[in-house]
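> Using only what follows, build the 3D model:
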Amino acid sequence: MPLRRLSDGLKAAFGETNVSRRVRDFEGWTDRAFGADGGAADYDHTRTVTEYYDLCNELMVFHWGESLHFAPLSPDESLKDSKIRHQRQMIAKLELREGMTVADIGCGVGGPMRRVAREAGVRVLGINSNEVQLSRARSLNAEAGLDHLVDCLACSFMNMSSIADATFDRGYAIESTCHAPDKAGAFAEIHRILKPGALFWGQEMCMTDMYNPDDDRHRAIKRELMHGIALQDIATFGEVDRALEAAGFEVLEATDLAVDETGPATPWYRPLETRHGWLGTALFRTPMGRKVFSWGTRLAELLRVFPKGSAEVAKLMDRTADAYVDGGRTGIFTPLYCFLARKPLQG
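Prediction:
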């Protein structure tokens, strides 16, 4: 039962901690990072990102499934099917062949890496610094019977010193390096662990060319997105490309897959706006569904089915979902800037 699994997952993730206090502390991260004094000198964004996933991971999986990323949508597909199609397009772009070794940079709970391993017959190492997500990933890997093809490593993608140079044939990063405090530094570490000639596929959250930094409304939406997703900044398309090139990659292609040049596209944020799909938790992703879920979470707290403070996490995620929709409706934000890059054979 999904709700039973959610209950168990929340209890395991939160333990005996004061979740309400943790949520309040997280809510203040932007003040600590960007305060009037320019931010605290000892501010550590990695800790903020870790706390974000510690708090939100179980509810993310409940609402969004094992693949915690956005995908180009089709009106005749469920969200799950759209994500599967998107992952298969990534597999094709990477030209994966049986026996290759692949790095999943920021693997979450491992939905994409299990598909990559199962369908391409490659060995995948999931790299993640968040123990809550890694614990769930390892459990799901075992349930899927894929332990012989997938493994997980607890480390930050900013410092993968436990991995030797030129280890992997391929690499990919899906909505993970957007959290990097230094994007060029993250790409440089990925570049280091890939073999010469290796392909690297990525999906970044970006501000689009429609973003106007002089527009108060645009700036407010960007702040809400940064706050709710734990992003120290949100790069532009050009900034992502330049960071890749600074790390030594050759950018082969890069495009915003939220834009369908062949005709009208189903907006990427549609599942957070109206029901996209008919089964599972699709209803709970809509604005009214999120409110109903929040009320139900408070009741579940009173009945001690969910840990105390769970409703405050749900409220935090509801606010972030609204920011996603605002960013999508205005056209100033996309989670679907996808690129394919190559590490040169020389240099």
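> Give me the below-cutoff pLDDT ranges for the stretch 151-300 of the chain.
260-264, 275-284 (pLDDT under 70).
> now the strands for it?
Here the stretch 151-300 of the chain has its strands, by DSSP state E, counting those that start in this stretch, at 168-174, 194-207, 250-256.
> May I see those arranged in a markdown table, with mean neighbour count as well?
From N, CA and C alone the C-beta is placed, and that goes for glycine too. Shown next, in a markdown table, are the strands of the stretch 151-300 of the chain (neighbours: other C-beta atoms under 10 Å):
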| stretch | mean neighbour count |
| --- | --- |
| strand 168-174 | 25 |
| strand 194-207 | 22 |
| strand 250-256 | 14 |
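> among the ones you listed, which is nearest residue 42?
Distance to residue 42, taken as C-beta to C-beta, is lowest for strand 194-207 among the strands of the stretch 151-300 of the chain, at 26.3 Å.
> returning to that earlier point: tabulate the strands of the stretch 151-300 of the chain in JSON lines, adding columns for distance to residue 105.
Below are these laid out as JSON lines (distance: least, C-beta to C-beta, whole Å):
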{"stretch": "strand 168-174", "distance to residue 105": "4"}
{"stretch": "strand 194-207", "distance to residue 105": "8"}
{"stretch": "strand 250-256", "distance to residue 105": "17"}
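> Tell me which of the ones you listed sits nearest to residue 143.
Between residue 143 and the strands of the stretch 151-300 of the chain, the shortest gap by C-beta to C-beta is with strand 168-174, which sits at 21.1 Å.
> now the angle from that closest one to strand 194-207?
If you take axes from the mean of the first three to the mean of the last three C-alpha atoms, to 10 degrees, strand 168-174 sits at 10 degrees to strand 194-207.
> which residues are contacting strand 168-174?
Here strand 168-174 makes contact (C-beta atoms under 8 Å, 6 or more residues apart in numbering) with 69, 90, 94, 96, 100-106, 108, 112, 116, 122, 125, 157, 190, 193-195, 198-203.
> How about residue 301, nearest residue that isn't a chain neighbour?
residue 308 (5.4 Å; C-beta to C-beta, 6 or more residues apart in numbering).
> what kind of secondary structure is the one you found in?
Look at residue 308: counting by DSSP: H, G, I helix; E, B strand; the rest coil, its state is coil.
> Report how many residues lie close to it.
With neighbours defined by other C-beta atoms under 10 Å, the count for residue 308 comes to 13.
> Distance of it relative to residue 136?
22 Å (C-beta to C-beta, to the nearest Å).
> sorry, back to before: please name whichever of the strands of the stretch 151-300 of the chain is nearest to residue 21.
Ranking the strands of the stretch 151-300 of the chain by distance to residue 21, with C-beta to C-beta as the measure, places strand 194-207 first at 28.3 Å.
> where's the closest one relative to the chain centroid, distance-wise?
In terms of C-alpha atoms, centre = their mean, to the nearest Å, the centre of strand 194-207 is found 15 Å from the chain centre.
> Filter the contacts of strand 168-174 down to the buried ones, ChimeraX style.
ChimeraX command restricting these to the buried ones, with burial defined by 16 or more other C-beta atoms under 10 Å:
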select :69,90,94,96,100,102,103,104,105,106,108,112,116,122,125,157,190,193,194,195,198,199,200,201,202,203
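> Can you name the residues that contact the residue nearest to residue 301?
Residue 308 makes contact with 19-20, 301, according to C-beta under 8 Å, 6+ apart.
> Tell me how far it lies from residue 3.
17 Å.
> and residue 344, how many neighbours does it have?
12.
> On the strand side of things, show who the closest residue to it other than its chain neighbours bridges to.
Distances taken as C-beta to C-beta, 6+ apart place residue 250 nearest to residue 344, at 5.9 Å, with adjacent residues excluded. Beta-bridge partners recorded for residue 250 (DSSP bridges): residue 342.
> pretty sure residue 250 is touching residue 339, no?
No: if you go by C-beta atoms under 8 Å, residue 250 and residue 339 don't touch, sitting 10.9 Å apart.
> just to revisit the earlier point, considering the contacts of residue 308, which possesses the most neighbours?
Counting by other C-beta under 10 Å, top hit in the contacts of residue 308: residue 19 with 23 neighbours.
> and the host helix or strand of residue 26, how far from the chain's centre?
Under the criterion of DSSP states H and E, residue 26 resides in helix 19-27. Relative to its chain's centre, helix 19-27 lies at 21 Å (C-alpha atoms, centre = their mean).
> and what of stretch 117-131?
Per C-alpha atoms, centre = their mean, the centroid offset for stretch 117-131 relative to its chain is 15 Å.
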